[in-house]
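**Q** Please find the sequence and the predicted model below.
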Amino acid sequence: MEHRDYHYYEANAASINLSDITSSAENANTLQRLRDGDPTLSHFSLGGWGNFHVREGDDMGWLGYFIGKSVCLLALSIDYFLPDADGEEGHDAFLEGIARSQSIRHIGIMHLSNDGFTSTVRVLHSLSQLEELDIFDDNIVGPDGWSELRTLLESGVCHLKQLRLSGNNYIGNEGIGILSNGLRGIGSSLKILELTINSIGNEGLLALVAGLTNCTGLETLDLSYNEFSLAAAGLASLSDVLQSDEVNLKRLDLCDCHINDEGLQAFTQGAAIHCKVLDLREKESITATGLSYLSNSIRSDSCCVEALFLRGTRIGDDGMKVLARGLAGNKSVRILYLDDLDDGISVTSAGWIAFSTALCDTSSVNSTYLSNHTICKVRLVGGDGEIISLPQDISLYLQLNEQHPQYAAECKILMSHPNLDMTPFLQWKWKLKFLPLAVAWFERAKQCTSLTIHDEDLDSTRRVLDESSDALQSRTLSAMYEFVRGMPMEVMKSREELILIAMAEEEIKMLHEDVEQRITQLEEENERLKEENKRLSGIVMCVANVAFAVFLFLAVVESMRSSSLYL
């Protein structure tokens, strides 16, 4: 193949006969759409089941040029980088064209050899606008290929939002160790990281966690189908990272990673704090013991998990009871997926009773109020893959939580306690002050008599309460009567307290008046003393003046006497 630079392609792009540089009419039509800037051609797939099948006669240089010139092309997938008639030079020309693209945001790489993978990743250094990179389906990549990818990530040229490496069994612990530093270079821009089916074990997980410290914007982490049966240390390290204030992870997928009870204990606390979606679908490696650790984590007030996937886990009655304890105090989990494997460890009535109690504990009004009013979907899949119907009471509670969450607690109380015992509130510190609150609660509860719930499975609608508003009014009056009947002594106690307070206030008032009177008297006495002081001061001045005059007179007399004696 003769060497053709960019100016050659520019000079001949408008006049080139596309049939001369393609192997089929379909490929020629695809190039025509690229050249004409067809806005509907935003995704381009090369090879495999794509829209351009490389065969002998396809000019890869021209294909790369038209891809690079397109301003509409947003995504490019390269599947089976097959040789063409122009050989390696044609591939180089193709990649040179891609390097000029200013529009491609997504690159997918599949089934490439080490050389093809390395040269393709090297080109990505020119695509500063790249946001998503998918590398999957058995690319045969060696250490030098992963090193090239690490260099790309470390460079910071691409501010990737999504990085998916799936089905690359050649990565392993060594490859993840190489990529770890690259992950540090991505920084906060990365939102989705998928590393499924990559033969990662404990060593690789430890390396990965070290690389995630700078990925503070990460929202989804998928590590499914790796081998974590002996990765308790790595899972504990992951838990520590998840508990950091800088982490923003919303979804964690660990499906079929063979995590055992020890591993579950190691990471559930960190996962429950940050993750809204937690996928722990397993192959029977988790038992009721492991579920107890998970139960403690979701019971915590800081739990954020909204969807919990436990399909494949051997739940049984023991597991259901453990989960029920956690859900009883949980206020975040809305969706729960379980499996009934039907292999001797199925959920029986004992397990469902425990679960029903978590949703509506009827032992007391307060227990009912503190039950779970958040979870609204539970899917139990049988061994044959069919959805198993839930007990009727549990279905009712779940539908109530979903369709009327603001009234769920009131409805469950009215459903479970026909006669509301108000006497415990007499021991409450507010006592009489509670009465208006009780009346307001019953007024709000009237709404429950008109609520309905829709059953999607049966496509039917039913009332929540089989009770009329008049019947509820009767219950309200009975409850208020019982409450008021127990209050006379409380009223007398309150009256005596008021009398004592009034007497104390009167005494304080009298003391205050006496003090005010004494202060007035002291002020008057002070004014009198001031006047008396002025009067005495005047007298003293007069006496002093008289004494001075007498002194002068005597002095004159003495002087005259002395003069007469002298004469």
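**A** Received it, and whenever you're ready, just let me know what you need.

**Q** Now do Asp5: how many residues are near it, please.
**A** 9 (other CB atoms under 10 Å). For the C-beta atoms, the positions are set from N, CA and C on the backbone; glycine is no exception.

**Q** sorry, that was for Cys376
**A** So Cys376, with other CB under 10 Å, has 19 neighbours.

**Q** Test my guess that it contacts Tyr397.
**A** No. Here Cys376 lies out of contact with Tyr397, judged by CB atoms under 8 Å, at a distance of 9.1 Å.

**Q** wait, Ile375 sits on Leu400?
**A** No. Ile375 is beyond contact range of Leu400, at 11.0 Å (criterion: CB under 8 Å).

**Q** all strands of this protein, in order?
**A** 43-46, 75-79, 106-110, 132-136, 162-166, 192-194, 220-222, 251-253, 277-279, 307-309, 335-340, 377-382, 452-455, 460-463 (DSSP state E).

**Q** Now do the last one: everything it contacts.
**A** With contacts defined as CB atoms under 8 Å, 6 or more residues apart in numbering, strand 460-463 is touched by Leu451, Thr452, Ile453, His454, Asp455.

**Q** Which of these ranks first by neighbour count?
**A** Ile453 (18 neighbours).

**Q** What's opposite it in the beta bridge?
**A** When assigned by DSSP bridges, Ile453 has beta-bridge partners Arg462.

**Q** ok, it - contacts?
**A** So Ile453 contacts Leu396, Gln399, Leu400, Gln403, His404, Thr461, Arg462, Val464 (CB under 8 Å, 6+ apart).

**Q** and if we set it to 6 Å?
**A** Gln399, Gln403, Val464 (CB atoms under 6 Å, 6 or more residues apart in numbering).

**Q** Need the phi and psi values for the last one.
**A** Taking degrees, to the nearest 10, you get phi -70, psi -50 for the backbone angles of Val464.

**Q** Pretty sure it sits against Cys411.
**A** Yes. Assessed by CB atoms under 6 Å, Val464 is found in contact with Cys411 at 5.2 Å.

**Q** Distance-wise, check Asp421 relative to Arg33.
**A** Counting by CB to CB, to the nearest Å, the gap from Asp421 to Arg33 is 76 Å.

**Q** again with Ser468
**A** 68 Å.

**Q** can you map out the helices along the stretch 401-550 of the chain?
**A** Ranges of helices in the stretch 401-550 of the chain, per DSSP state H, counting those that start in this stretch, are 408-416, 434-445, 469-485, 488-566.

**Q** Would you mind finding the most buried of those helices?
**A** helix 408-416 (a mean of 21; mean count of other CB atoms under 10 Å).

**Q** Next, count neighbours for the nearest residue to Leu124 once chain neighbours are set aside.
**A** Closest residue to Leu124 apart from its sequence neighbours, by CB to CB, 6 or more residues apart in numbering: Leu152 at 5.7 Å. The tally of other residues near Leu152 (other CB under 10 Å) stands at 23.

**Q** Verify the stated contact: Ser188 with Leu218.
**A** No. Counting by CB under 6 Å, Ser188 sits too far from Leu218 to count as a contact (8.4 Å).

**Q** neighbour-wise, which of the two wins?
**A** Leu218 (23 against 13).

**Q** quick one, what contacts that one?
**A** Contacts of Leu218 (CB under 6 Å, 6+ apart): Leu190, Leu249.

**Q** For Lys161, see how far away it is.
**A** Leu218 is 10 Å from Lys161, by CB to CB.

**Q** Quick one, grab the pLDDT at Gly185.
**A** Looking at Gly185, its pLDDT stands at 82.

**Q** Leaving out the residues flanking it, which one is nearest to it?
**A** Closest to Gly185 by CB to CB, 6+ apart is Glu154, at 3.8 Å.

**Q** quick one: the one you found and Thr368, what's the gap?
**A** For Glu154, the distance to Thr368 (CB to CB) stands at 57 Å.

**Q** same deal with Val157?
**A** Applying CB to CB, the value for Val157 to Thr368 is 59 Å.

**Q** And those two? Which one has more around it.
**A** Thr368 (21 against 17).

**Q** rewinding a little: ok, the contacts of strand 460-463 vs Gln521, which is closest?
**A** Leu451 (73.8 Å; CB to CB).

**Q** List of residues touching stretch 196-205?
**A** Applying CB under 6 Å, 6+ apart, the contact partners of stretch 196-205 are 166-169, 171-173, 176, 222, 224-227, 230-231, 233-234.

**Q** Emit the ChimeraX select command for whichever of the residues you listed are buried.
**A** Only the buried entries of the contacts of stretch 196-205 go into this ChimeraX selection, using 16 or more other CB atoms under 10 Å:
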select :166,167,168,171,172,173,176,222,224,225,226,227,231,234
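
**Q** surely His404 meets His454?
**A** No. If you go by CB under 6 Å, His404 and His454 don't touch, sitting 11.0 Å apart.

**Q** re earlier: from the contacts of stretch 196-205, which land in helices?
**A** Among those, the residues falling in helices (DSSP state H) are Gly172, Asn173, Ile176, Ala233, Gly234.

**Q** which ones are touching Cys376?
**A** Cys376 neighbours (CB under 6 Å, 6+ apart): Arg334, Leu398, Asn401, Glu402.
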